[in-house]
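1. Okay, predicted coordinates and the sequence, questions at the end:
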Amino acid sequence: MMRKYRFLDAVCAVLVLVTIFGVLFHQASYRLEFKEQISIFLWGADRISWYLSNPGVIVSVLGDWLTQFYINSWTGVLLSMLLLLLTTAGLYRFYRIANPKHHVVMMLLILPVLLEGYFIPFPNYPVSATVGLTLSVWTACALAHLKDSRFAPWIYGLSVPVMFVIAGGHALTLAFMLGYLKRRDAVQTLMCLLAGLIAMGLIGRLYNLTLLQTLIWPVYPKHIIPDVKWLLFEPALVVIVMVLSTLSSRIRNIRVRMLIIPFVLFLSDTLFLTTADKELENVIKIGTLAYRNDWQEVKRMASRETTNRYCIYYWHLCNAREGRLPDELLHGRWGLSSRGLFLSTGKGDPCFSMMYFTDALLEIGDVSQATDCAFLAQTVMPGHYSTRMLRRLAEIGVVTGDYAVAYKYLNILSRTRNHREWADDMIKCIEADSIPDQYLIWRSRTSQTDHFFAQGDIRSSLSILAQESPYNKVAIDYLLCSYLLDKNINSFIESYERFYLGKLDQIVKVPDIYQEALLINVNSNESFRETVEKYHISQEIASKFIRLMEVRSRSENPHVLTEEAAGTYWNYIMAVSLTNPNMK
Amino acid sequence: MKNRFIIILAFATSLLAGCSDRKTDAFNGLFPDYSDVTIPCNIAPLNFRVGNAGGITVTVRGKGGEYSFKGRKGLVKFPLKKWHRMLEAEKGNVLSVNVEWKDRTDRSACSESFSWTVVADPIDKYLSYRLIEPAYEVWKGIQIEQRDMESFKSVLLGDNRNADYCCMNCHTSNRNGTTFMHLRGAKGGTILNRNGKLTKLNTRTDMTGNTVYGDISADGRYGVFTTADITFAIHSQVDMRMEVYDKRSDLVVVDFDDLTVTESPATTGDEFQETFPCFSADGKTIFFCRAEHHNQPDSIAQMHYDIAVLAFDPETGTMGDRVITIVAAGENLSFSHLKASPDGHWLMATAAEYGTFPVWHKESELWLIDLTTRKIDVLPGINAYGADTYHSWSANSRWIVFASKRDDLVYGRPYIAYIGPDGKTGKPFLLPQEDPDKYNMMLKSFNLPELYPISEVYNARTAAAFYNDVETEQVQYKP
């Protein structure tokens, strides 16, 4: 019978772990990869002193070191799984030491691992936190061997603050596990552990941490997970499941035992369905693809996701890079009006909003705001160090010709495992004065005269760039398209006349959408002729417009009009107000 | 056992594969540049790095003898006690320094010689500064640190991660035991330390705004502050970054004895904007910057702040009503950050092309005004390309510290310079660090450096407790 239990338990535990692996791989691999982008592992006096100035020294170093291997969509999953397996093995080992005569109910023991698996996909849940749990569990295993020593209570009490210094808040897990271990002669041990916990709190004060920060370190509150108090549930859960396992191992009735299995499976499903935030995964995936310069894949993905703001933003950016922003503007992605073209970078916005927006800002030549966004993104991240933003800041330095500051970032990156080659190549380019063409193109689009605009006032910035560089087509298209999407025809015409007429229209074909928009305000035959002549409207579009006006004069039915104007800007003007007035 | 050993070996190998102390050739030569600098007799060791060097030998010759030091892996770390013994013995002397090293690439022998002038006037023992990301409009990790200038010890005076991530700024001292530091945010206030007694003040009243930049009188009784509505705009020009400006600004004086705040009709109203006040050494004059109001940011280039003075009566705590301009800014000049030397001889100001926030103005320079002759020295020996701002005097008026962006134009670093009794200056040098690579690796600016001789009585924990638990004492408006 016992064998049967063990077999069933083991099978179910494996099932749960496979579920975690599957969910992580399919639902969260890019979120795990993102961890590498928003952290850095450096080894130098300054970083060592930073590590030493915070608790959880060992797990922070190990966690940051491991994070640098989260460089693609599977290594992060594998490493996370490895940590979870180690934790599971540690819990199993500990239980066997604590209860040599009891059977281990793996299905219960795996619950804390399940909870940790729930936290892991949060993009800025640090790897060091998982390392902290693993280390605490195995330290508990090591200390469990001393349980019969008469000094055990004292050693256990002392181990808690020490563990806090090396592993952070998971010292609480250690304290709970040791408390469970010595539950039979509890008073002395509990007193020692309590003293240890108080010492841990006091040490937290020495590190300038509040009690909550002490208990959840190295997780930063306000940067993570909706409610960080869930993190405190984890150490408690470790002990709860041990107690439950002890009780249930005495149950001889297999049917009762089997009840646990669906419970755990149900719980794992619920947890992972909550974690499987497909939208967030897609947001991070598309940003990561752009980071890898895989623009074809970005466009392919953006073409599939038509409602996600970040995908719409990248859809427009891909088209802008190809010089086709106006041509593709209305292909199903107008629901957000001009908000789909730009990302917001206010205080409450997530860091990837700022990170991603630098892509478009550099493309249009707004280096000032690109720098600001890169700084902001770095500022709002937990560790304030991001390899991705360091690369971006270095690129900005190269674009602006501020090589001194570019060197600073490149020098930091050249000490990292993953970005060394890129940084060294960039340094060689600077030293040989052979800046890659892409940066020279961006440089040619930047502003050389000085004007002011408020942070986030992208239209003012675009007007300045358009004014300065008449052939900055990307900036001019962004400006005109933003007016078109907002149905601000007067501003569109004004900007068209300032920046396009007699300049860009001399060298490129005027996009149909612009020609259509230029005809919107026509209200008489006379003004129609004037407009066609002034803006060189093509015969085809002029005829289309006449046809539409004829249909309109014959029928007031909006649907007839919409049908006639299908695929044109005129349709957008009508369709947006007719079909989807409140689309967000 | 054998298996375990193999696992450990494999782990160690993979660990090494992940780590790297490899550096690029981007920073060859000596860093920081400590060649031919004038240094105080009590400064911490001027540790430096030599790019691409292996073993290094440093030989220092002075009147007191010859001192030899060794460095390895391109880093010279002077032993603290030996360093201080050397400076003590060589007070007032010029030291000749010879650095020899072997290039790590081609094994060629290299050397460099320069001098250090050791001045007998010590610098204040403590320096405070704010560590902040260069994006000024959002803050997540502000720290205010106090550094011991004679060693590398530092303590945190403020850390906003345990104070609701509030903005912390302007740790200012009168060098006689009185300091203040502003904490913003819902539970914020101004932490005032008067000879060890701490209070948290709310200096905002119905009639006057939040106090910002300020100075404390030598006796510690009064504080003179700007009350300003500060905002910012972004420059379109690539190398200009951002412009911070005051929509409006006035001056107030806070009496820390009576907990009252007063203002003068001469420094209120919309016609002029006043900012960066400081007391003269005798406390009877307030220096400040003043400009005619223009609409900002559109006309910000028209904002040229003069240096003006106003009488102050320390007995009654009242400001005079007559403003006298002592240095007119003119068309392409604007002054800010006024600081009077404690000996009453000098007034130092930051000069930029326009505006009131020169931190991002690459042309910003420090100017020294002789208050006895009104002669202005534009300090060519101290200034460099890149913003030089936020200076602070030592208690003996012989040293200044200032934040300079001369190294990379983005990150401010604390530079120290000597000002002789006759106004002659020494070449500025970077605040020494145990490992100077710290400057290359950190992504924060050293902001608002402030020198003072008496250690601050609180630390970050006390500051956080003050933020979270201590009620503010309300300052009353005194008409």
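-> Perfect, I can see it now.
2. backbone phi and psi for the closest residue to chain A within the stretch 251-400 of chain B, please?
-> Distances between the stretch 251-400 of chain B and chain A by CB to the nearest CB are smallest at B:Pro297, namely 4.1 Å. From N, CA and C alone the C-beta is placed, and that goes for glycine too. Backbone torsions of B:Pro297, given as degrees, to the nearest 10, read phi -90, psi -10.
3. what do you get for the one 10 residues further on?
-> The main-chain torsion angles of B:Ile307 are listed as degrees, to the nearest 10 and equal phi -100, psi 120.
4. residue contacts, it?
-> Residues counted as contacts of B:Ile307 (CB atoms under 8 Å, 6 or more residues apart in numbering or on different chains) are B:Phe287, B:Phe288, B:Cys289, B:Thr325, B:Ile326, B:Val327, B:Ala329, B:Phe335, B:Leu338, B:Leu347, B:Ala349, B:Ile369.
5. Just give me the closest of those to A:Ala195.
-> B:Leu338 (54.6 Å; CB to CB).
6. wait, is that closest one part of a helix?
-> No - with DSSP: H, G, I helix; E, B strand; the rest coil as the criterion, B:Leu338 is strand rather than part of a helix.
7. need the contact list for it.
-> B:Phe276, B:Pro277, B:Cys278, B:Phe287, B:Phe288, B:Cys289, B:Ile307, B:Leu347, B:Met348, B:Ala349.
8. change it to 7 Å
-> For B:Leu338, the contact set (CB atoms under 7 Å, 6 or more residues apart in numbering or on different chains) comprises B:Phe276, B:Cys278, B:Phe287, B:Phe288, B:Cys289, B:Ile307, B:Leu347, B:Ala349.
9. just A:Cys192 next, same as before
-> Shown in contact with A:Cys192 (CB under 7 Å, 6+ apart): A:Pro153, A:Trp154, A:Tyr156, A:Gly157.
10. and the next element down the chain from the top helix by length along chain A?
-> Longest among the helix segments of chain A by residue count, using DSSP state H, is helix A:2-27. Remark: after helix A:2-27, the chain's next helix or strand is helix A:29-37, criterion DSSP states H and E.
11. What residues of the very next helix or strand once past that following helix count as buried?
-> Toward the C-terminal end, the helix or strand that comes next after helix A:29-37 (DSSP H and E) is helix A:45-52. Buried residues in helix A:45-52, counted by 16 or more other CB atoms under 10 Å in any protein chain shown: A:Asp46, A:Arg47, A:Trp50, A:Tyr51.
12. Would you agree the first one is in contact with B:Lys438?
-> Yes - under the contact definition of CB atoms under 7 Å, A:Asp46 touches B:Lys438, with a separation of 4.3 Å.
13. Could you list the buried residues of stretch B:313-321?
-> Buried residues in stretch B:313-321, counting neighbours by 16+ other CB under 10 Å, are found at B:Gly317, B:Thr318, B:Met319, B:Gly320.
14. got JSON lines for those, with pLDDT and distance to B:Tyr245 too?
-> As requested, the buried residues of stretch B:313-321 are arranged in JSON lines below (pLDDT from 0 to 100; distance: CB to CB, whole Å):
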{"residue": "B:Gly317", "pLDDT": "92", "distance to B:Tyr245": "30"}
{"residue": "B:Thr318", "pLDDT": "93", "distance to B:Tyr245": "29"}
{"residue": "B:Met319", "pLDDT": "93", "distance to B:Tyr245": "24"}
{"residue": "B:Gly320", "pLDDT": "92", "distance to B:Tyr245": "27"}
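15. Any chance of a markdown table for those residues, columns secondary structure?
-> Output for the buried residues of stretch B:313-321, formatted as a markdown table (three-state DSSP):
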| residue | secondary structure |
| --- | --- |
| B:Gly317 | coil |
| B:Thr318 | strand |
| B:Met319 | strand |
| B:Gly320 | coil |
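16. Could you work out the most separated pair of the residues you listed?
-> The distance between the two most remote of these (CB to CB) is 12.0 Å, for B:Gly317 and B:Gly320.
17. Quickly note the distance from the residue nearest to A:Leu519 when sequence neighbours are not counted to chain B.
-> Nearest non-adjacent residue to A:Leu519, counting by CB to CB, 6 or more residues apart in numbering or on different chains: A:Phe545, 5.0 Å away. Taking CB to the nearest CB, to the nearest Å as the measure, A:Phe545 falls 37 Å from chain B.
18. in which helix or strand would I find A:Phe545?
-> helix A:539-554.
19. if we can go back for a sec, PyMOL command for the buried members of the contacts of B:Leu338?
-> Buried members of the contacts of B:Leu338, defined by 16+ other CB under 10 Å, are picked up in PyMOL with:
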select buried, chain B and resi 276+278+287+288+289+307+347+349
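20. Identify the residues contacting B:Thr324.
-> Heads up, residue B:324 is Ile, not Thr. Contacts of B:Ile324 (CB under 7 Å, 6+ apart): B:Ala308, B:Val309.
21. repeat that for 6 Å
-> B:Ile324 makes contact with B:Val309 under the criterion CB atoms under 6 Å, 6 or more residues apart in numbering or on different chains.
22. Over to B:Asp124?
-> Applying CB under 6 Å, 6+ apart to B:Asp124 gives the contacts B:Ser394, B:Ala395, B:Leu451, B:Tyr452, B:Pro453.
23. Mind checking which of the residues you listed are in strands?
-> B:Leu451, B:Tyr452 (DSSP state E).
24. Columns neighbour count on top of the contacts of B:Asp124, output as JSON lines?
-> Below are the contacts of B:Asp124 laid out as JSON lines (neighbours: other CB atoms under 10 Å in any protein chain shown):
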{"residue": "B:Ser394", "neighbour count": "26"}
{"residue": "B:Ala395", "neighbour count": "21"}
{"residue": "B:Leu451", "neighbour count": "23"}
{"residue": "B:Tyr452", "neighbour count": "25"}
{"residue": "B:Pro453", "neighbour count": "17"}
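25. Check the contacts of B:Asp124 one by one and keep those near chain A.
-> Restricting the contacts of B:Asp124 to those touching chain A (CB under 6 Å from any CB of the partner chain) yields no residues.
26. now, among the contacts of B:Asp124, which is nearest to B:Ser96?
-> Sorting these by distance to B:Ser96 puts B:Ser394 at the head of the list, at 26.3 Å, by CB to CB.
27. From A:Leu174, how far out is the closest one?
-> Distance, B:Ser394 to A:Leu174, by CB to CB, to the nearest Å: 49 Å.
28. And for B:Pro122?
-> 49 Å.
29. Neighbour count for these two, which is higher?
-> A:Leu174 (30 against 20; other CB atoms under 10 Å in any protein chain shown).
30. Hmm, A:Thr210 is touching B:Asn162, no?
-> Yes - A:Thr210 lies in contact with B:Asn162 (CB atoms under 6 Å); the separation is 5.2 Å.
31. Among these two, which residue is more densely surrounded?
-> Each of A:Thr210 and B:Asn162 has its neighbours counted (other CB under 10 Å); B:Asn162 has more, 22 against 16.
32. host element of the nearest residue to that one once chain neighbours are set aside?
-> Counting by CB to CB, 6+ apart, B:Asn162 lies nearest to B:Ala464, which is 4.4 Å off, once chain neighbours are set aside. If you go by DSSP H and E, B:Ala464 is part of helix B:460-469.
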